[in-house]
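>>> Curious how this folds, go ahead:
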Amino acid sequence: MPPSSRSNPQTHPEKVRHLLYGSLAAIDRTIKILHAHGYADPNDWSDPIPVPPGGVVGTASPDMPWMVILTKTLLIEE
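Numbers count the residues shown, from 1 in each chain. Model prediction:
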């Protein structure tokens, strides 16, 4: 590979999806940790989605499992 190619690598955008699954408290803490590391802004995550246990739809509570989703676009070097 010529030296000029190494100094100017080609990149292409690629989407990656992150799912957090757990209690609201654990999800909130994880989002704050990722934000502190500069990875994602808290507003980039979806609103919490209740995950019904056993697939039965019922009333949501803070102690039951929840899920949030983040879709991030990364530049991948070729």
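>>> what's the helix or strand Val68 falls within packed up against?
Using DSSP states H and E, Val68 falls within strand 66-77. In terms of contacts (3 or more C-beta pairs under 8 Å, 6 or more residues apart in numbering; DSSP states H and E), strand 66-77 is packed against strand 11-22, helix 24-36, strand 49-50. All C-beta atoms are positioned from the backbone trio N, CA, C, and that covers glycine.
>>> Reformat the ones you listed as JSON lines; add mean neighbour count.
Formatted as JSON lines, those follow (neighbours: other C-beta atoms under 10 Å):
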{"stretch": "strand 11-22", "mean neighbour count": "11"}
{"stretch": "helix 24-36", "mean neighbour count": "14"}
{"stretch": "strand 49-50", "mean neighbour count": "14"}
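>>> circling back: list the buried residues of the strand holding Val68.
Buried residues in strand 66-77, counted by 16 or more other C-beta atoms under 10 Å: Trp66, Val68, Leu70.
>>> Quickly name whichever of the residues you listed is closest to Val51.
Trp66 (6.1 Å; C-beta to C-beta).
>>> show me what contacts the closest one?
Contacts of Trp66 were listed using C-beta atoms under 8 Å, 6 or more residues apart in numbering, and they are Tyr21, Gly22, Ser23, Leu24, Ile27, Pro48, Ile49, Pro50, Val51, Ala60.
>>> which residue packs closest to it, ignoring adjacent ones?
Among residues not flanking Trp66 along the chain, Pro48 sits closest, at 4.5 Å (C-beta to C-beta, 6 or more residues apart in numbering).
>>> what about that neighbour, how many neighbours?
A count of nearby residues for Pro48, using other C-beta atoms under 10 Å, gives 16.
>>> could you list every residue that touches it?
By C-beta under 8 Å, 6+ apart, the contact set of Pro48 is Leu24, Ile27, Trp66, Met67, Val68.
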